[in-house]
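Asker: Please find the sequence and the predicted model below.
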Amino acid sequence: MAESLKQKTARGLFWGGTMNVLQQVLNLAFGICLGRLLTDSDYGMVGMLTIFSAVAGALQEGGFISALNKRKDVTDADYNSVFWFNTLVGAGLYAVLFFCAPLIARFYGEPALVPLARFLFLGFFITALNIVPRARMFREMRVKANMLIILAAQVVSGAVGIVLAWNGFAYWGIATQTVVYVSTITLLCYATTRWRPRLHFAWGPIREMFGFSSRLVVTSLANILNQNLLSVLLGRFYTRADVGNFTQANKWNYMGHSTLTNMLWGVAQPVLTKVDEDPARQQAVFRKLLRFAAFVSFPAMFGLSLVSREFIYITITAKWKPAVPMLQLLCLWGAFVPVQSLFCNLLISRGRSDWYMWGTLALVGAELVGVLAVGAWGVTMILRVFVATNIAWLFVWHALVHRETGLRLHHVLLDLAPYFFLAAALCFMAAYLSSHLSGLWLKLVFKVVFVGALYIIILYMSGSVILRESMQFLGKKKEEG
């Protein structure tokens, strides 16, 4: 069984990684096109509404995907009850936001937000319809099928967004892209799982899962506030252009860290849940996932911070110059997001959604205090405080995990430190050496090749187990192919 679980985890990571890379390539292509066609104000309009859609989406999901995964035996009655409950909640929330659109527009001082909000908010109601099929795929660790669905949705929605932007629809192109994206995912999820709802509803399953799931909802809301706090504050106290530049920078940062985070999310929680009755084994699985996250995340995100200027100028032109320092700072935080995600997944797998909730709420409170304290000093200082708070909070997540599992801090540091220091040192060296070069393309290629090649060579010569196992697995996949 141990070997079977190990193989399933490796296969999930492989497909999750492969599909996420393809996903980000598509995001890159569509992002470049839209970045060239649209302005910072266009992105700012949609960025102002992001938090409202995300909050409503978290409320209608209700934490039921994780709750259904945690449930030992799931019946069709459970699935149907969750479906109808989420659908009714989603419809109610859309009605509330529909009538609140004028208030949102008044808050930002943008009357054009009223019709845009009412259209964009359709996306979260549509998402409410796909919770059950997604939960089934998550529980069964169908990572490959899930990622194929996401890739297809990206192609369709990205093409729609570009066509609309090309024809002068401005921010309506971004909004339509979002609605088409979630609609395509919903249709393909039903086609893949072949699950269909029945006219059956029971309060019993909802009540049994509500205690666990409700805490996840509160946590999701706190995470959404965490992710969108800066957009709200910048939109309220700074210009629409500032929001647009931050939205652009945060988009690229998210594309970077979400590649690994989503790959781990597809396997970490199901795998950790399957071994939750064996704490020693669960801790060993967690530490291996932690080393893998560090092995990939630190060079990737530190590297993206290193090439931010060249990347922005080459892809979406110098008109987005103000987004460069924002992206450089955000990537430092982004390097630690997959690590934070693993800590949180471990707490959820142990059934401690309450600790996850309180830890996240406290983080948001600390961020809010810090950001408001330095708000008068400009956007750069706000980002510095935001990034520093999130990185420092990793010690809080570890304290919670240690209390539940006994995982020691020095073990975590030993797992993370080699990859952190090696990636950071190589990026500093590349920054210094490339300062003597001229030309954006030359600098970009030099930095990527220098850091990437030396990182792999040094790990290989030092006998890195994670690198060796990754190469062995990829070799087997190549032979099978």
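Answerer: Cool, got the structure.

Asker: Centre-most residue in the chain?
Answerer: If you average the C-alpha coordinates of the chain and look for the closest C-alpha using Cα atoms, centre = their mean, you land on Ser258, 4.2 Å from that point.

Asker: For Asp415, give me its contacts.
Answerer: 287, 290-291, 294 (Cβ atoms under 8 Å, 6 or more residues apart in numbering). For glycine as for every other residue, the C-beta is placed from the backbone atoms N, C-alpha and C.

Asker: now, which of those residues lie within helices?
Answerer: Among the contacts of Asp415, the members found in helices (DSSP state H) are 287, 290-291, 294.

Asker: Now rank the residues you listed by neighbours and give me the top one.
Answerer: The member of these that has the most neighbours, counting by other Cβ atoms under 10 Å, is Ala294 with 26 neighbours.

Asker: give me phi/psi at the nearest residue to that one once chain neighbours are set aside?
Answerer: Nearest residue to Ala294 in three dimensions, chain neighbours excluded: Tyr419, at 4.0 Å (Cβ to Cβ, 6 or more residues apart in numbering). Its backbone dihedrals place Tyr419 at phi -70, psi -40, with angles given as degrees, to the nearest 10.

Asker: what does Ser438 give?
Answerer: Phi and psi for Ser438, reported as degrees, to the nearest 10, are phi -120, psi 150.

Asker: As TSV, the ones in helices among the contacts of Asp415 with distance to Leu116 and pLDDT would be great.
Answerer: Shown next, in TSV, are the ones in helices among the contacts of Asp415 (distance: Cβ to Cβ, whole Å; pLDDT from 0 to 100):
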residue	distance to Leu116	pLDDT
Arg287	46	88
Leu290	41	89
Arg291	44	90
Ala294	41	91
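
Asker: May I ask which two of the residues you listed are separated the most?
Answerer: Largest separation among the ones in helices among the contacts of Asp415 by Cβ to Cβ: Arg287 and Ala294, giving 10.6 Å.

Asker: which residues touch Trp203?
Answerer: When contacts are counted by Cβ under 8 Å, 6+ apart, Trp203 is found next to Ser81.

Asker: any idea of the pLDDT on it?
Answerer: For Trp203, the pLDDT comes out at 80.

Asker: again with Val55
Answerer: Val55 is assigned a pLDDT of 64 by the prediction.

Asker: Kindly report the same for Leu221.
Answerer: The predicted structure scores Leu221 at 68 on the pLDDT scale.

Asker: ditto for Leu416
Answerer: Per-residue confidence (pLDDT) for Leu416: 93.

Asker: Going C-terminal from the helix or strand it falls within, what's the next secondary structure element?
Answerer: Counting by DSSP states H and E, the element that carries Leu416 is helix 409-434. Note on helix 409-434: by DSSP H and E, the next helix or strand toward the C-terminus is helix 440-461.

Asker: can you give me the mean pLDDT across that following helix?
Answerer: Averaging pLDDT along helix 440-461 yields 93.

Asker: List of residues touching that helix?
Answerer: With Cβ under 8 Å, 6+ apart as the test, helix 440-461 has contacts from 295, 299, 303, 306-307, 309-311, 313-314, 422-423, 426-427, 429-431, 433-434, 437, 466-467.

Asker: For the protein, which segments count as strands?
Answerer: Counting by DSSP state E, one finds no strands in the chain.

Asker: Make CSV from the ones in helices among the contacts of Asp415 and add distance to Val271 to it.
Answerer: Conversion of the ones in helices among the contacts of Asp415 to CSV gives the following (distance: Cβ to Cβ, whole Å):
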residue, distance to Val271
Arg287, 13
Leu290, 13
Arg291, 15
Ala294, 18
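
Asker: which other residues reach stretch 301-321?
Answerer: Counting by Cβ under 8 Å, 6+ apart, the neighbours of stretch 301-321 from elsewhere in the structure are 28, 31-32, 35-36, 39-40, 245, 248, 252-253, 256-257, 323-325, 327-329, 331-332, 334-335, 423-424, 427, 430-431, 440-441, 443-444, 447-448, 451-452.
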